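Student: generate coordinates for the sequence data below:
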Amino acid sequence: MKLRSLFALVLIPLFGGVIRAQTLVQVDNMQTPPACYGVMKIDHPMQIDGRDDEHAWDLAPWTEEFVDIEGDAKSKPPYTTKVKMLWDEECFYIYAKMEEPHVWGNLTKRDAIIYHDNDFEVFIKPFEQHAFYYEIEVNPLNTILDLMMPKPYRFGGDALMHWDVRNLKSAVHVEGTLNNPDDTDQYWSVEMAIPFKSLTTFSRKVTPKINDYWRVNFSRVQWQHELHNGAYSRKVKNGKLLPENNWVWSPIGIINMHHPERWGYIQFMDTVQHVALSKSHFAEKVAWNIFYLQQLYEEQYEKFADNVVELKNGKHVLEEDRQELVYAIFTNRDKGGYVIEVKDLKHHLTVTLDNFGRYTVNYE
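Tutor: From the prediction side, this is the model:
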């Protein structure tokens, strides 16, 4: 690893936004590479019926099977979950298949707290330079919750529940019988068509171009259940609900989906082919690792470090960085705020990230 001497400058007020730190063990768990998927383009719209029996779906590869949200820290899920994706000029298409011996659901009102049932969740961050992202949840009754996050909860973001995916099409297929405990089901599946024009900023259209990258993730929330008079409900023990399982496409490393920097990459393509990580990935990864270590440092010393040498407890994390990366920390006078700057000399780009989680990616 090649490092440049790190230094501090006095900056005009970057007053400290103190955000709860992970533990060092959790930071270690957040080092796995993100999943990647090439989304093939098609030239005709899909029929949304909850099945994958159209020819185009035969051409789309499956993702890797979902794993626990904490990754290798937890055991493999007992039921298989996997996803396919496609796109055309109008929509982003998703098909998810979830192995399940007991398909059940109770919630029927739109924008109810859908993860109180078993559900499938979609997280989409289409703009590299913007913090906001979208979330769509669906249960086996095809009840939808959709929202927009201006920024993650941990940075003070609020879920904008009044936001809707306009003209969203979704359908659920159950291979078995819904809400019937007298038989064993095979799986339930979800198919969605998400219009690009519904995922926009105030002025910019989101329709991707060939080779564009998005940050995306998928989550499956799975509860243990019990029966009361033949009806399913979440299982209770000693007066408390048993915790749910969270199975995901690209593991986060901690139990919190709202870390978009840990989501997977999808790349929009005209054919199916291998997908590499985005060229900004390594610089972003270093910046976020320094950010996580700064949280731990601030928790211990009530100030931020002004160089990575002081972040010695996380030295092993930063030693995995690439030689082409050069980085520095700039703190304000009382070390209550900072900006991280990471330059990728190979890809000719610079990532900046401050203590509030605000970041930019600048290309030369």
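
Student: switch to C-alpha atoms for all contacts and neighbour counts from now on
Tutor: Will do.

Student: hmm, residue 108 is touching residue 138, no?
Tutor: No - counting by CA atoms under 8 Å, residue 108 does not reach residue 138; the two are 10.3 Å apart.

Student: more crowded one of the two?
Tutor: Each of residue 108 and residue 138 has its neighbours counted (other CA atoms under 10 Å); residue 138 has more, 27 against 14.

Student: chain neighbours aside, what residue packs nearest to the more buried one?
Tutor: residue 144 (4.8 Å; CA to CA, 6 or more residues apart in numbering).

Student: the one you found and residue 127, how far apart?
Tutor: Separation of residue 144 from residue 127 (CA to CA, to the nearest Å): 23 Å.

Student: those two: which is more packed in?
Tutor: residue 144 (25 against 18).

Student: show the contacting residues for that one.
Tutor: Residue 144 is in contact with 109-112, 114, 136-138, counting by CA atoms under 8 Å, 6 or more residues apart in numbering.

Student: quick one, which of those are buried?
Tutor: Neighbour-count burial (16 or more other CA atoms under 10 Å) is assigned, among the contacts of residue 144, to 111, 114, 136-138.

Student: among those residues, name the ones in strands.
Tutor: Of the buried ones among the contacts of residue 144, the ones assigned to strands by DSSP state E are 136-138.

Student: show me which of the residues you listed is closest to residue 293.
Tutor: residue 136 (31.3 Å; CA to CA).

Student: quick one: pLDDT of the closest one?
Tutor: The model reports residue 136 with a pLDDT of 98.

Student: tell me the bridge partners for it.
Tutor: Here residue 136 sits in beta bridges with residue 122, residue 146, going by DSSP bridges.

Student: which ones are touching it?
Tutor: Contacts for residue 136 (CA under 8 Å, 6+ apart) come out as 121-123, 144-147.

Student: need the max-distance pair from these.
Tutor: Among the contacts of residue 136, 123 and 144 lie farthest apart (CA to CA), at 13.6 Å.

Student: take the buried ones among the contacts of residue 144 and lay them out in JSON lines including distance to residue 192.
Tutor: Below are the buried ones among the contacts of residue 144 laid out as JSON lines (distance: CA to CA, whole Å):
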{"residue": "111", "distance to residue 192": "17"}
{"residue": "114", "distance to residue 192": "16"}
{"residue": "136", "distance to residue 192": "10"}
{"residue": "137", "distance to residue 192": "11"}
{"residue": "138", "distance to residue 192": "10"}
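
Student: break down the stretch 151-300 of the chain into its helices, ranges please.
Tutor: Applying DSSP state H, counting those that start in this stretch to the stretch 151-300 of the chain gives helices spanning 281-301.

Student: tell me where it has strands.
Tutor: 169-175, 187-195, 213-222, 225-228, 231-234, 236-237, 240-241, 245-248, 264-269 (DSSP state E, counting those that start in this stretch).

Student: got the ones you listed as a markdown table, with mean neighbour count columns?
Tutor: Shown next, in a markdown table, are these (neighbours: other CA atoms under 10 Å):
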| stretch | mean neighbour count |
| --- | --- |
| strand 169-175 | 19 |
| strand 187-195 | 23 |
| strand 213-222 | 23 |
| strand 225-228 | 12 |
| strand 231-234 | 17 |
| strand 236-237 | 10 |
| strand 240-241 | 10 |
| strand 245-248 | 22 |
| strand 264-269 | 24 |
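
Student: reformat those as CSV; add mean pLDDT.
Tutor: Shown next, in CSV, are the strands of the stretch 151-300 of the chain (pLDDT from 0 to 100):
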stretch, mean pLDDT
strand 169-175, 98
strand 187-195, 98
strand 213-222, 98
strand 225-228, 96
strand 231-234, 97
strand 236-237, 96
strand 240-241, 97
strand 245-248, 98
strand 264-269, 97
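
Student: nearest approach to residue 152 belongs to which of these?
Tutor: Here strand 213-222 is closest among those (CA to CA), at 13.9 Å.

Student: which residues touch the closest one?
Tutor: Strand 213-222 has contacts (CA under 8 Å, 6+ apart) with 81, 115, 117-128, 244-250, 260-261, 263-268, 278.

Student: rerun at 6 Å
Tutor: 118-126, 244-249, 263-267 (CA atoms under 6 Å, 6 or more residues apart in numbering).

Student: partner strands of that strand, parallel or antiparallel?
Tutor: Strand pairing for strand 213-222, determined by DSSP bridges: strand 119-125 (antiparallel), strand 245-248 (antiparallel), strand 264-269 (antiparallel).

Student: could you dump these to JSON lines with distance to residue 32?
Tutor: Listed next are those as JSON lines, based on distance: least, CA to CA, whole Å:
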{"stretch": "strand 119-125", "distance to residue 32": "19"}
{"stretch": "strand 245-248", "distance to residue 32": "13"}
{"stretch": "strand 264-269", "distance to residue 32": "11"}
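
Student: surely residue 304 is within a helix?
Tutor: No - under DSSP: H, G, I helix; E, B strand; the rest coil, residue 304 falls outside any helix and is assigned coil.

Student: measure it to residue 125 for me?
Tutor: For residue 304 relative to residue 125 (CA to CA), the value is 29 Å.

Student: and those two? which has more neighbours close in?
Tutor: Shown here are residue 304 and residue 125; by other CA under 10 Å, residue 304 has more neighbours (28 against 23).

Student: looks like the more buried one contacts residue 296 (just checking).
Tutor: No - using CA atoms under 6 Å, residue 304 makes no contact with residue 296, being 9.1 Å away.
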